[in-house]
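1. sequence first, then the predicted structure, then my questions.
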Amino acid sequence: MPLTMTLLRLALYQPDIAANTGAMMRLCACLGVAMDIIEPCGFPFDDKRMRRAGMDYIDHVTWQRHRSWDDFQKQKGVSRLVLLTTKAARPYTEFSFQKGDILMVGRESAGVPDDVHNAAAARVVIPMAPPMRSLNVAISAGIVLSEAVRQLGATI
């Protein structure tokens, strides 16, 4: 069954850290954004741990679990995949987000593999002061999701 079309979705590619996953669940709940979690995860993925990581916000976010990248690909439908990556040239502030976009963040330890990178319709970067390389994945998601929500004129 294709994913339900919402204003935006946030996809987590094989997240490594349960606390970051919980923080992004809370972010999605607060911004009214749906979430996809693409396994395998770097932590045991069970109700007890997700409830602890997502606290009471887990009950307020629409999320879907995907057993693999292929499973996610089959279910995402025609939605445009926008990858947040340090390997992009286009700043997120110069990108035009669209209703139905899926914004994807990679693993905390390794980002995404080349095949996932190449599958993205667009790639955006958060500019930062040299020699800094990257932000925490949950912070990155918050920055870019906020801009996408702003551009789309969403009211919460």
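-> Everything's here; your move.
2. packing partners for the helix or strand hosting C30?
-> Secondary structure from DSSP states H and E places C30 in helix 18-31. Helices and strands touching helix 18-31, by 3 or more C-beta pairs under 8 Å, 6 or more residues apart in numbering; DSSP states H and E, are strand 8-13, strand 34-38, helix 47-54, helix 137-151. From N, CA and C alone the C-beta is placed, and that goes for glycine too.
3. between the ones you listed, which gets nearest to M24?
-> helix 137-151 (5.2 Å; C-beta to C-beta).
4. quick revisit: turn the helices and strands packed on helix 18-31 into a markdown table, including mean neighbour count.
-> Output for these, formatted as a markdown table (neighbours: other C-beta atoms under 10 Å):
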| stretch | mean neighbour count |
| --- | --- |
| strand 8-13 | 25 |
| strand 34-38 | 21 |
| helix 47-54 | 15 |
| helix 137-151 | 19 |
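5. and the next element down the chain from the worst-scoring helix or strand of the chain on mean pLDDT?
-> The weakest-scoring helix or strand in the chain, judged by mean pLDDT, DSSP states H and E, is helix 47-54 (a mean of 62). Beyond helix 47-54 on the C-terminal side, the first helix or strand identified by DSSP H and E is strand 63-66.
6. report all helices and strands that the helix or strand just after that next one contacts.
-> Counting by DSSP H and E, the element after strand 63-66 in chain order, helix or strand, is helix 69-75. If you count contacts as 3+ C-beta pairs under 8 Å, 6+ apart, helix 69-75 packs onto strand 34-38, strand 63-66, helix 114-119.
7. mind telling me which of these the model trusts least?
-> Note on the helices and strands packed on helix 69-75: strand 63-66 shows the lowest mean pLDDT, a mean of 92.
8. buried ones in it, by neighbour count?
-> For strand 63-66, burial by neighbour count (16 or more other C-beta atoms under 10 Å) applies to W63, Q64, H66.
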